[in-house]
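*Asks:* Need a 3D model of the sequence below.
(one chain, ligands or ions: 1)
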Amino acid sequence: MSLLDRTFAALYDPAMARAERGELGERRRQLLRDSAGHVADVGAGTGVVLDHLGPAVEKVTLIEPNPEMAARLRRRARRGLADADGREAAAKAVVDVREAPAEALPLPDDSVDTAVSMLVLCSVDDPMRALAEIRRVLRPGGRLALIEHVAAPGPTGWLQRALAPTWRVLARGCRLHRDTGSLLVAAGFDVSDVHAWRLPGGGPAAHAIAGIARPR
Ligand SMILES: C[S@@+](CC[C@H](N)C(=O)[O-])C[C@H]1O[C@@H](n2cnc3c(N)ncnc32)[C@H](O)[C@@H]1O
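*Replies:* Here you go, the predicted structure:
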C-alpha cells in the first residue's frame, strides 16, 4: 500500500463532503431509494452508499480492493445503514465487507438485486471484465445504479487527454477520458434510463452520466 493510496483514502471524505451534502448526495439518494433485497456496491470506497439506502434493503455487500479503504468500510459498516428518511430504516440489514476487485466479484451468479457503481468504472483496469461480472451477479430483473464521470467531447475532452497521465497517478488509477457510456452498451446494458449529468465540483471530471442500467 503506497503513501498515495493511504493519502487518497484519508482525504476522500473531506474532499467530497460538500458535494455529498449537495447535488451528489441527492443524486445518490434518488438512484438508491427504491433499492431492496441484496445491494452490492462495487468499489465502495468509504461506504457513502450506506447513507442512501432505503428500508427494503436486507443485505449490503461492500466490495473494495484497496485495503485502506476496506478498513474504513469495516468501521463504517459497524454503524449499519443510516436512517435517512427518519423511518425505522433497514437497521437490521446485514452489511458485509469484501476485499476484492470489480473484475472478480466474490459473489455467486444471480445473487444481487441492485449493483452500485459510483465513480468507480473510471478506475478499474478492465472495465469490460467488471461489467461482465456485474451482469453475472445480477438476478434476472436486477439493475445497476450508476454515477460515473466520462470522456467529454470538444475542448474539455482535449484537456482531459492532456491531464490524464498526471490525474491517473494522483487519483489512484482514475482514467479521466474513459467512454464508460459506450462500454456499458458494449457490455450488453440497456442505458435508456442513464442520462448525461454534471458532477458538482468535478472540474475536468464534471462530464458525467447517472441513472439505472439494466442487462439486456
Ligand atoms: C473515487 S472512489 C469512489 C468510491 C465510492 N464508490 C463513492 O462513490 O464514493 C473509487 C473507488 O474505486 C476503487 N477501485 C479502484 N480499482 C478498483 C477495481 N478494480 N475494482 C473495484 N474498485 C476499484 C478505489 O479503491 C476507490 O475506493
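*Asks:* Wait, A145 touches R214, no?
*Replies:* No - between A145 and R214 there is no contact under Cβ atoms under 8 Å: 10.6 Å. In short, each C-beta sits where N, CA and C put it, glycine included.
*Asks:* And the helices in the protein?
*Replies:* Secondary structure of the chain by DSSP state H: the helices cover 3-21, 23-32, 67-78, 127-137, 154-170, 180-186.
*Asks:* looking at these, which is buried most?
*Replies:* helix 127-137 (a mean of 20; mean count of other Cβ atoms under 10 Å).
*Asks:* C-alpha coordinates for that helix, CSV please?
*Replies:* Extracted C-alpha coordinates of helix 127-137, given in CSV (Å, rounded to 0.1, in the frame of the first residue of the first chain):
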residue,chain,number,x,y,z
PRO,A,127,-14.0,-2.3,-17.2
MET,A,128,-15.4,-4.8,-19.7
ARG,A,129,-14.5,-7.6,-17.3
ALA,A,130,-16.0,-5.7,-14.4
LEU,A,131,-19.3,-5.1,-16.3
ALA,A,132,-19.4,-8.8,-17.2
GLU,A,133,-19.0,-9.6,-13.5
ILE,A,134,-21.8,-7.2,-12.6
ARG,A,135,-24.1,-8.9,-15.2
ARG,A,136,-23.1,-12.3,-13.8
VAL,A,137,-24.1,-11.5,-10.2
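*Asks:* Show me what it is packed against.
*Replies:* strand 37-42, strand 112-118, helix 180-186 (3 or more Cβ pairs under 8 Å, 6 or more residues apart in numbering; DSSP states H and E).
*Asks:* out of the ones you listed, nearest to A93?
*Replies:* strand 37-42 (8.6 Å; Cβ to Cβ).
*Asks:* got the CA coordinates for the longest strand seen in the chain in PDB?
*Replies:* Identified as the longest strand of the chain according to DSSP state E is strand 138-149. The C-alpha trace of strand 138-149 is given here as PDB (Å, rounded to 0.1, in the frame of the first residue of the first chain):
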ATOM      1  CA  LEU A 138     -27.300  -9.600 -11.100                       C
ATOM      2  CA  ARG A 139     -30.500 -11.500 -10.700                       C
ATOM      3  CA  PRO A 140     -32.900 -11.600 -13.700                       C
ATOM      4  CA  GLY A 141     -34.700  -8.200 -13.400                       C
ATOM      5  CA  GLY A 142     -31.700  -6.700 -11.400                       C
ATOM      6  CA  ARG A 143     -30.300  -3.300 -12.100                       C
ATOM      7  CA  LEU A 144     -27.100  -1.300 -11.900                       C
ATOM      8  CA  ALA A 145     -27.400   2.100 -10.300                       C
ATOM      9  CA  LEU A 146     -24.500   4.200 -11.500                       C
ATOM     10  CA  ILE A 147     -22.900   7.600 -11.400                       C
ATOM     11  CA  GLU A 148     -19.700   7.800 -13.500                       C
ATOM     12  CA  HIS A 149     -17.600  10.700 -14.900                       C
END
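*Asks:* So in that sheet, which strands flank that strand, and in what orientation?
*Replies:* strand 112-118 (parallel), strand 207-215 (antiparallel) (DSSP bridges).
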